[in-house]
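Chemist: How does the following fold in three dimensions:
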Amino acid sequence: MTTPSITSSTGPLDVQGLVSQLMTVADQPLNALNSQLQTDNSQISDYGTISSDLTGLQSTLTTLSSGTFINTLKATSSNTSIMSATASNTANAGAYNITVNNLATAQNLAYTGQASETASLGNTADTLNFTFGSGSTSSVSIPANASLDQIAASINNAGIGVSASVVTADSSSTPYRLVLTGNTVGGGNSFSTATASGQSSLSFLGFNASSAVNGSGQITDSRLTAQAQNASLTVNGLTMTSSSNTVTTGILGVSMNLTQAGTTVLNVSRDNTAIQTQVQSFVTAYNKLQSDATSLYNGDLQGDFNIVQLQNTMDSILQTPISGANGTTQVAYLAQVGVSIQKDGTLSLDTTALNNAISNNASAVANVFGNSNNDGFAQRFNTEINSLLGPQGLITTKTNTLNKSVSDLKNQISQEQNQLTTIQSNYTSLYTNLNSSLAKMEQTSSSLSNMIASA
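Modeler: A predicted model of the protein is given here:
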């Protein structure tokens, strides 16, 4: 009776196959550790999602908790070509009649025309001094035999707050004019110019801003094409000036951006759309938390009591009225300001109901989100999130536990891999030696069979 054997090219046994099968069994503890490591890492990521959702929700609560959201105002101009405006919550609602007499402008100076923009002016090296309306001074070096283009380049490179260019003004024999424009508007930003040497070839660069305008504010020097002046406007009959076309001092809490002279009416009123946006941001963030929590509970965190506890806590906050309001004749629940709980635990915002609640009693709407008792819905959510994400909070504690588990598993996996390497080496050595012995036995058996057969 012949006994079947496992053969290979080097002997009767398949050493590699045998060792591989034995290692499949030996690897099972390592596979279990790797599987647990993958689960823990996945759950850390899941808790990271919950943590991010809680942080996102908390970011929507600041203005709701303080109640300032209810005072969100808008400023609307009846003529946006005259001006636009924005209002902060410190502004007073009302209508303001505004006349923009003139805008704040920068000085624009066009020197006397020259025959060429590139030809040498025949000057020696010099300095062009600038004296500004504020009292400050600056100097620009002019090279010898400079052209208009070179002078313009020198001024621009100096970075003194004045821009220079050369324009062709007309078809005369001297059409090229060096034009200087102040970079900043306002009456304090005028400038005068004079060369240090007073040489005749550069005498056209001399200009005195104070003598270019008369006592009535009219320009008397034709080279001054625009004077540096403050904006002038009247607000409900009161005249005021501004060194900028962005006026922040005319109306409390209102920033006006003047764009041209003319008359307009500025209406400052509560911005219901912006208020809706802030409340909707809270609803959206809350719904993301609920959706992710439900999805994860049905997935990697299936059966995790922490998720159940989290959702129960959130629901309990929504179901508890604020103190000091009976909920029948007073606003005590979010549902009374248009934020209602849906069957799936998410929230829905009815903007019509919110607007009606604001119209009826804006302070009550603010009070339901944040109040002096510190039990407004936004305040309670904020407190709970701080607890959940705090050092001893549910989310932090669970995440720390999982991180500790991952660290321990990595150490165990490393140890297990070292042991398996030794086991595999031992298996390979054992069966290689056995295979060698069997091969020698086969050779001996074959020789004996041949001897017996030839006897």
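Chemist: Tell me how the chain divides into domains.
Modeler: According to automatic domain parsing, the chain comprises the domains 37-69+273-397, 73-104+230-270, 108-226.
Chemist: The last one: end-to-end distance?
Modeler: Taking C-alpha to C-alpha, to the nearest Å as the measure, domain 108-226 stretches 5 Å from start to finish.
Chemist: Next: the first one.
Modeler: Start-to-end span of domain 37-69+273-397 (C-alpha to C-alpha) is 18 Å.
Chemist: And the pLDDT at Phe191?
Modeler: Model confidence at Phe191, expressed as pLDDT, equals 97.
Chemist: and it, how far is that from Leu18?
Modeler: 96 Å (C-beta to C-beta, to the nearest Å). C-beta here means a position set from N, CA and C on the backbone, and glycine is covered the same way.
Chemist: So those two - more neighbours on which side?
Modeler: Taking other C-beta atoms under 10 Å, Phe191 and Leu18 do not tie; Phe191 has more neighbours (23 against 18).
Chemist: For the more buried one, name its beta-bridge partners.
Modeler: Phe191 has these beta-bridge partners by DSSP bridges: Phe132.
Chemist: mind listing what it touches?
Modeler: For Phe191, the contact set (C-beta atoms under 8 Å, 6 or more residues apart in numbering) comprises 107, 109, 130-133, 162, 180, 182, 209, 228.
Chemist: cool, and Val339?
Modeler: Val339 is in contact with 279, 282-283, 347-350, 354, counting by C-beta under 8 Å, 6+ apart.
Chemist: For stretch 206-213, measure first residue to last.
Modeler: One end of stretch 206-213 to the other measures 16 Å (C-alpha to C-alpha).
Chemist: residues in contact with it?
Modeler: Stretch 206-213 has contacts (C-beta under 8 Å, 6+ apart) with 107, 109, 111, 133, 190-195, 219-221, 223-224, 227-228.
Chemist: What residues sit buried inside stretch 105-121?
Modeler: Applying a neighbour-count criterion of 16 or more other C-beta atoms under 10 Å, one finds 105-111, 113-114, 117, 121 buried in stretch 105-121.
Chemist: ditto for stretch 321-341
Modeler: 321-322, 325, 331-341.
Chemist: repeat for stretch 396-416
Modeler: 396, 398-399, 402, 405-406, 409, 413, 416.
Chemist: just to revisit the earlier point, need the domains of the chain in TSV with distance to Ser437, can you?
Modeler: Shown next, in TSV, are the domains of the chain (distance: least, C-beta to C-beta, whole Å):
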stretch	distance to Ser437
domain 37-69+273-397	41
domain 73-104+230-270	93
domain 108-226	92
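Chemist: about what we covered before: of all the contacts of Phe191, which two lie farthest apart?
Modeler: Gly133 and Leu180 (14.1 Å; C-beta to C-beta).
Chemist: who has more neighbours, those two?
Modeler: Comparing Gly133 with Leu180 by neighbour count (other C-beta under 10 Å), the higher total belongs to Leu180, at 23 against 17.
Chemist: And the pLDDT for the nearest residue in space to that one that is not next to it in sequence?
Modeler: For Leu180, ignoring the flanking residues on the chain, the nearest one in space by C-beta to C-beta, 6 or more residues apart in numbering is Leu109 at 4.6 Å. At Leu109, the model reports a pLDDT of 97.
Chemist: thinking again about what came up before, so which of the contacts of stretch 206-213 sit within strands?
Modeler: Among the contacts of stretch 206-213, the members found in strands (DSSP state E) are 109, 191-195, 224.
Chemist: farthest-separated two in the buried residues of stretch 321-341?
Modeler: Within the buried residues of stretch 321-341, Ala325 and Ile341 form the most distant pair, 18.2 Å apart (C-beta to C-beta).
Chemist: Arg177 is in contact with the residue nearest to Leu180, correct?
Modeler: No - the criterion here is C-beta atoms under 8 Å, and Leu109 misses it with Arg177 at 9.7 Å.
Chemist: Check the protein for its longest helix and report it.
Modeler: Taking DSSP state H as the criterion, the chain has its longest helix at helix 394-454.
Chemist: Average the pLDDT values over it and round to the nearest integer.
Modeler: Per-residue pLDDT values across helix 394-454 average out to 78.
Chemist: With stretch 213-224 instead?
Modeler: pLDDT averaged over stretch 213-224 gives 92.
Chemist: Which residue ranges of the stretch 151-300 of the chain form strands?
Modeler: With strands called from DSSP state E, counting those that start in this stretch, the stretch 151-300 of the chain shows them at 162-168, 176-182, 191-195, 224-226, 231-235, 238-242, 246-251, 254-258, 262-270.
Chemist: List the contacts of the closest residue in space to Thr239 that isn't next to it in sequence.
Modeler: Distance criterion C-beta to C-beta, 6+ apart; nearest residue to Thr239, sequence neighbours excluded, is Ser232 at 7.0 Å. When contacts are counted by C-beta under 8 Å, 6+ apart, Ser232 touches 100-102, 239-241.
Chemist: switch to 6 Å and redo it
Modeler: By C-beta atoms under 6 Å, 6 or more residues apart in numbering, the contact list for Ser232 reads 101-102, 241.
Chemist: first to last residue in stretch 149-165, what's the distance?
Modeler: Distance between the two ends of stretch 149-165: 8 Å, counting by C-alpha to C-alpha.
Chemist: Now that stretch: buried residues?
Modeler: Buried, per 16+ other C-beta under 10 Å, within stretch 149-165: 149-152, 154-155, 158, 160, 162, 164.
Chemist: and the buried residues of stretch 105-121, which two are the farthest apart?
Modeler: Using C-beta to C-beta, the two most remote members of those are Thr105 and Leu121, lying 29.9 Å apart.
Chemist: which stretches of this protein form helices?
Modeler: Per DSSP H, the chain carries helices over the ranges 15-26, 28-59, 62-66, 148-158, 272-297, 305-319, 351-369, 377-389, 394-454.
Chemist: Which elements pack onto the second one?
Modeler: Contacting helix 28-59 under the criterion 3 or more C-beta pairs under 6 Å, 6 or more residues apart in numbering; DSSP states H and E are the following elements: helix 272-297, helix 394-454.
Chemist: tell me which residues of that helix are tucked away?
Modeler: By 16+ other C-beta under 10 Å, the buried positions in helix 28-59 come out as 30, 33, 36-37, 40, 43-44, 46-47, 49-51, 53-54, 57-58.
Chemist: Go through those and name the one nearest Leu202.
Modeler: For the buried residues of helix 28-59, the nearest to Leu202 is Gln58 (66.2 Å; C-beta to C-beta).
Chemist: ok, that closest one to Asn386 distance?
Modeler: In terms of C-beta to C-beta, Gln58 sits 8 Å off from Asn386.
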